[in-house]
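In: everything below, folded, please.
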Amino acid sequence: MHELFTQVLSNKDLSKAGDLFSVPDSSIINDLTEVLTKISEITSLPDYVNNTNDQSVVEICITRVTSAIRETDSIEQHAEALVGLLECCLNHNLKPSPKDEDPPHAKISSDIISCIFLNYNKKDVMKRALPVAVKLLHKGNRELSRNMASYLSLAVIHNAPLLSQHIQLIIDSVISGNYPLCRVLPQIYAVTKDPIHEHAMALVSLLPQCELSEKLALLQLFALVAHNKPLLLEASLPQLVEYLGTNSTILATMQIFLHLAEKRPQLLVDYVPKLKQANEGNANTLCITVQVVAAVGRLSKDKAQDALNFILSHLPKADRSSQSILLREATLLCSTYPVLCTDKMLAEVWQCSRNSAQVNQSSNNNGVTIVTVGGCEPATPGSSNLKASTSVESTNNIPASEKGGSGGGGGGIYKTKNSTTVISTHSGHSKHQDSNSRIRSRIGADSRSTSRLNSSAAHRSMTRLNIASSSRLGSVGGLHKSMTRLSTSSHINQPPANPVTSAAQPKCNVNPRDTTLQCCRKQSDQWRRYGYY
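Out: Sure, this is the predicted structure:
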């Protein structure tokens with residue numbers, strides 16, 4: 001041991017203790033384990049609690065030791081001695097005095113755990129320190145317990161399996177009021193589930209007392225529980241649904257209901273109205289809400305109709321990425337209950353498709369025209385509109401007498417003799433397919449295309465992306481940005497001399513004898529293939 005340390009610790013010479021900071025780290029680094037052992041002996045003396053001189057000497061020496069360990073990064077070399085001193089402190093009283101003053105051993109413990117947990121990413125150190133450190137949670141010192149919660153939140157990142165061995169001590173500390181410790185539970189749950197399952201209801205009851213970060217940690221934990229053991233949360237649903245009304249917790253709470261809907265949708269039947277109400281004014285939760293409502297809707301025809309109405313009411317207001325999710329859920333509902341696929345429903349989807357296909361065109365002085373496809377905003381008064389051409393045609397000819405909706409090439413909704421619903425929206429010229437035509441959907445102006453036009457002739461580049469589907473519910477999602485560069489002398493947006501044919505377009509091999517359910521399933525497969533969801 002360095003002679004200055006020997007003099008200070010042997011004689012408990014407070015006047016020399018300050019000189020320890022003038023000694024280089026390299027001169028004492030190999031003596032620190034011996035120094036810590038000597039400190040343990042001093043702190044175990046019966047009169048240490050009342051001897052302020054000894055307490056001051058020990059505090060200065062510990063500060064010098066921890067500083068040297070931190071600067072030289074030698075925690076592995078001295079971890080055993082540090083943990084030994086911490087164990088020694090656990091044998092003494094750590095509770096604050098009536099004047100809210102920490103006893104001397106609590107101060108030592110605080111310094112030691114601070115030094116140890118700065119190295120939370122070193123598994124060998126944590127393996128030795130964690131079994132001792134978690135015991136501080138139940139020594140009656142609230143401040144020390146809260147500090148431990150912060151340190152354990154760091155340690156669990158790399159040491160969840162080690163910390164999971166002490167899960168019962170941690171849960172007991174949380175329930176007794178150490179709420180910051182909630183933040184370690186989701187990571188531990190991934191390793192050890194049963195102890196948390198046993199206390200699920202008790203943990204839910206703690207939510208009102210927790211701060212926001214602690215609530216979010218608990219809600220994240222309950223989402224994991226809902227995925228593995230949904231029935232454990234059935235009795236706690238009235239408490240959980242209250243957190244749908246707060247913007248800071250609605251997303252985390254929705255995740256719980258989403259997992260419950262996937263596993264046990266019948267548990268949520270009574271909570272669908274509250275889920276819908278919570279979604280109003282929260283665009284970020286629309287997709288999750290639709291998934292939950294649709295999962296509950298698949299339980300029965302009436303619930304499916306209610307879910308479909310909810311989806312259709314939000315479809316026009318949803319952005320493009322959300323529309324694909326909404327259409328997927330609508331398809332699943334119609335696949336489960338084909339009777340829901342009515343003319344009215346298809347008309348609403350068609351209208352949304354029509355709005356989404358509007359093309360806003362503007363020109364600048366350099367003769368460059370930018371055509372933007374998609375979005376629901378109407379074109380500016382001076383711009384031209386390219387309307388998407390969407391058609392869903394049956395496998396039989398459609399007599400003119402059975403056509404309904406708008407006429408004159410503007411599109412419409414038709415019904416065939418065999419009750420097959422047809423949506424047909426066309427811009428400009430169109431013609432019906434013959435009796436051997438396949439069910440298909442055509443979306444105009446939906447890919448990137450750039451054309452250079454000569455000054456002597458006016459042309460337009462427009463690519464039609466054909467999505468093969470059987471009874472597709474409109475074409476909402478397949479629109480992309482298109483930019484056409486025109487010369488200053490070219491005519492803008494003149495219609496082509498001949499309509500674009502679909503001879504080279506991909507077709508879906510749909511058997512005319514397919515049932516409506518089979519058609520819906522093929523439709524869903526086609527949408528997935530072309531990236532709508």
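In: Y189 contacts L224, doesn't it?
Out: Yes - applying Cβ atoms under 8 Å as the test, Y189 and L224 come out as touching, 5.3 Å apart. Bear in mind the C-beta positions are built from the backbone N, C-alpha and C, glycine included.
In: just want to know which of the two has more residues nearby.
Out: Relative neighbour count places Y189 above the other of Y189 and L224, with 21 against 18, counting by other Cβ atoms under 10 Å.
In: ok, the more buried one to N228 distance?
Out: Distance, Y189 to N228, using Cβ to Cβ, to the nearest Å: 9 Å.
In: for L36, same thing?
Out: 44 Å.
In: what about these two, which has more around it?
Out: Using other Cβ under 10 Å, the more surrounded residue of L36 and N228 is L36, with 23 against 13.
In: so what's the more buried one closest to, chain neighbours aside?
Out: Counting by Cβ to Cβ, 6 or more residues apart in numbering, A81 is the residue found nearest to L36 once chain neighbours are left out, at 3.9 Å.
In: what of R146?
Out: P180 (5.9 Å).
In: over to A129?
Out: The spatial neighbour of A129 that comes closest, neighbours along the chain excluded (Cβ to Cβ, 6+ apart), is I116 at 4.8 Å.
In: got it, and V57?
Out: Using Cβ to Cβ, 6+ apart, the nearest residue to V57 is K12, at 5.0 Å.
In: which residues touch the one you found?
Out: By Cβ atoms under 8 Å, 6 or more residues apart in numbering, the contact set of K12 is 42, 53-54, 57.
In: now the buried members of those residues.
Out: When burial is judged by neighbour count using 16 or more other Cβ atoms under 10 Å, the buried members of the contacts of K12 are 42, 54, 57.
In: contact partners for the last one?
Out: Right, V57. Residues near V57 by Cβ under 8 Å, 6+ apart: 8-9, 12-14, 17, 42.
In: so which elements touch the strand or helix carrying E76?
Out: E76 is part of helix 75-90 when elements are defined by DSSP states H and E. Secondary structure elements in contact with helix 75-90, counted by 3 or more Cβ pairs under 8 Å, 6 or more residues apart in numbering; DSSP states H and E, are helix 32-43, helix 52-72, helix 104-117, helix 123-133.
In: how about 7 Å then?
Out: If contacts are counted by 3 or more Cβ pairs under 7 Å, 6 or more residues apart in numbering; DSSP states H and E, helix 75-90 sits against helix 32-43, helix 104-117, helix 123-133.
In: point out the most buried one among those.
Out: For the helices and strands packed on helix 75-90, the stretch with the most neighbours on average is helix 104-117, a mean of 22; neighbours defined as mean count of other Cβ atoms under 10 Å.
In: which residues touch that one?
Out: Contacts of helix 104-117 with the rest of the structure, by Cβ atoms under 7 Å, 6 or more residues apart in numbering, involve 43, 48-49, 55, 58-59, 62, 66, 69-70, 82, 85-86, 89, 92-94, 125, 129, 133, 136, 141, 144, 147-148, 151, 154-155.
In: and the gap between K12 and L36?
Out: 16 Å.
In: swap in I256?
Out: From I256 to L36 the distance is 47 Å (Cβ to Cβ).
In: one more: L207?
Out: Using Cβ to Cβ, we find L207 at a distance of 43 Å from L36.
In: next: D525.
Out: Applying Cβ to Cβ, the value for D525 to L36 is 68 Å.
In: ditto for N53
Out: The gap separating N53 from L36 is 20 Å, by Cβ to Cβ.
In: could you do S248 as well?
Out: Looking at S248 against L36, where the rule is Cβ to Cβ, the gap reads 45 Å.
In: L181 too?
Out: Distance, L181 to L36, by Cβ to Cβ: 28 Å.
In: can you flag the buried ones in the contacts of helix 104-117?
Out: In those, the ones that pass as buried (16+ other Cβ under 10 Å) are 43, 48, 55, 58-59, 62, 66, 69, 82, 85-86, 89, 92, 94, 125, 129, 133, 136, 141, 144, 147-148, 151, 155.
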